[in-house]
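J.: okay, here's the prediction I keep looking at, along with the sequence it came from:
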Amino acid sequence: MSDLDAKQLENAHAFFKHLNARDWDALGDLLASDFKHQWFPATFVAPDGKEMRSKEEFIGFMQYSFTPGHVFERLHLEEPLDVVHGSNKVAFHLKSNGMSKSGKQYSNEYMITLHFDGEKIIKTNEFIDSKYTDEFFTALRAESSS
């Protein structure tokens with residue numbers, strides 16, 4: 001493994017470590033200035049309808065989602081089930097666990113590919129369990145409207 005490959009793999013793991021630690025500055029340091037984040041599959045519609053996010057939008061969304069009392073009381077990304085490292089890409093299969101501020105259990109599954117230019121992450125493609133996510137947030141909206 002080349003030095004660059006090793007650094008990319010290290011930074012990819014750090015990406016999730018910083019999310020869990022809510023270390024937004026350290027997370028931002030890993031991302032290129034023109035970083036983009038996109039959710040998949042195409043049938044999934046993000047809560048705010050945005051398909052693609054910039055670096056600042058992504059960090060802001062994660063900060064809002066991970067900060068206790070907003071959407072979740074707690075949210076944690078578990079250790080990866082699988083990691084595949086290729087040329088300028090690292091893919092993770094992982095799960096999350098958490099609890100909404102109303103006490104509803106949250107357990108999702110992801111395939112996230114991080115794309116690199118050198119040591120910086122330039123893009124993430126995040127595949128989520130869209131059926132579970134839609135059902136979870138529909139139930140949360142119903143709770144808050146009753």
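T.: Great, that's in hand. Numbering: from 1, shown residues only.

J.: make it CA atoms for all contacts and neighbour counts henceforth
T.: Fine.

J.: and the strands in this protein?
T.: Taking DSSP state E as the criterion, the chain contains strands spanning 31-40, 52-54, 72-77, 82-86, 89-100, 105-106, 109-117, 120-128.

J.: out of those strands, flag the one nearest residue 2.
T.: For these, the distance to residue 2 is smallest for strand 82-86, at 11.8 Å, taking CA to CA.

J.: TSV for the strands of the chain, including distance to residue 139 and mean neighbour count?
T.: As requested, the strands of the chain are arranged in TSV below (distance: least, CA to CA, whole Å; neighbours: other CA atoms under 10 Å):
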stretch	distance to residue 139	mean neighbour count
strand 31-40	21	18
strand 52-54	25	16
strand 72-77	14	19
strand 82-86	30	13
strand 89-100	11	18
strand 105-106	11	16
strand 109-117	18	20
strand 120-128	18	20
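
J.: out of these, which gets nearest to residue 61?
T.: Once the strands of the chain are compared by CA to CA, strand 52-54 is nearest, at 9.0 Å.
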